[in-house]
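Asker: what's the 3D shape of this:
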Amino acid sequence: MYDANYVFTFVDIGVYGRCSAGGIFQSSLISISLNPKFHNKKMNLPELKPISADGELLSYMLAGDKAFLLSEYLLRL
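Answerer: Coordinates of the predicted model:
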């Protein structure tokens with residue numbers, strides 16, 4: 001993963017095939033520091049905004065595949 005300035009913020013080196021992506025993420029230092037911040041709404045994200053003029057307010061989310069646990073801040077694609 002990298003930011004808008006192409007500075008890497010996360011690098012996946014790889015692991016054994018029996019380890020799921022969700023399990024690796026849950027036990028990673030990235031997850032340990034990010035999950036509480038998302039859960040406690042302390043990620044310093046922009047305010048909620050509607051995607052249309054009369055739409056409901058929507059929050060920013062993480063997106064993952066089916067290996068990740070669904071939560072109020074992580075959508076599965």
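Asker: all the strands of this structure, residue numbers only.
Answerer: Using DSSP state E, the strands of the chain run over 62-64, 74-76.
Asker: quick one: low-confidence parts of this structure?
Answerer: 1, 11-22, 24-26, 28-32 (pLDDT under 70).
Asker: identify the residue nearest the geometric centre of it.
Answerer: Taking CA atoms, centre = their mean, the centroid of the chain lies closest to residue 62, which sits 3.1 Å from it.
Asker: tell me the bridge partners for the nearest residue to that one once chain neighbours are set aside.
Answerer: Excluding its sequence neighbours, the residue lying closest to residue 62 (CB to CB, 6 or more residues apart in numbering) is residue 74, at 4.5 Å. Glycine gets a C-beta too; all of them are placed from N, C-alpha and C. Bridge pairing for residue 74 (DSSP bridges) gives the partners residue 62, residue 71.
Asker: state the distance from residue 74 to residue 68.
Answerer: 6 Å (CB to CB, to the nearest Å).
Asker: so for the two, which sits in the more crowded spot?
Answerer: Higher neighbour count among residue 74 and residue 68: residue 68, with 20 against 16, using other CB atoms under 10 Å.
Asker: pretty sure that one sits against residue 76.
Answerer: Yes. Residue 68 lies in contact with residue 76 (CB atoms under 8 Å); the separation is 6.1 Å.
Asker: who's in contact with the residue nearest to residue 51 when sequence neighbours are not counted?
Answerer: Spatial nearest neighbour of residue 51, excluding adjacent residues (CB to CB, 6+ apart): residue 58 at 6.0 Å. Neighbour list for residue 58: 48-51 [criterion: CB atoms under 8 Å, 6 or more residues apart in numbering].
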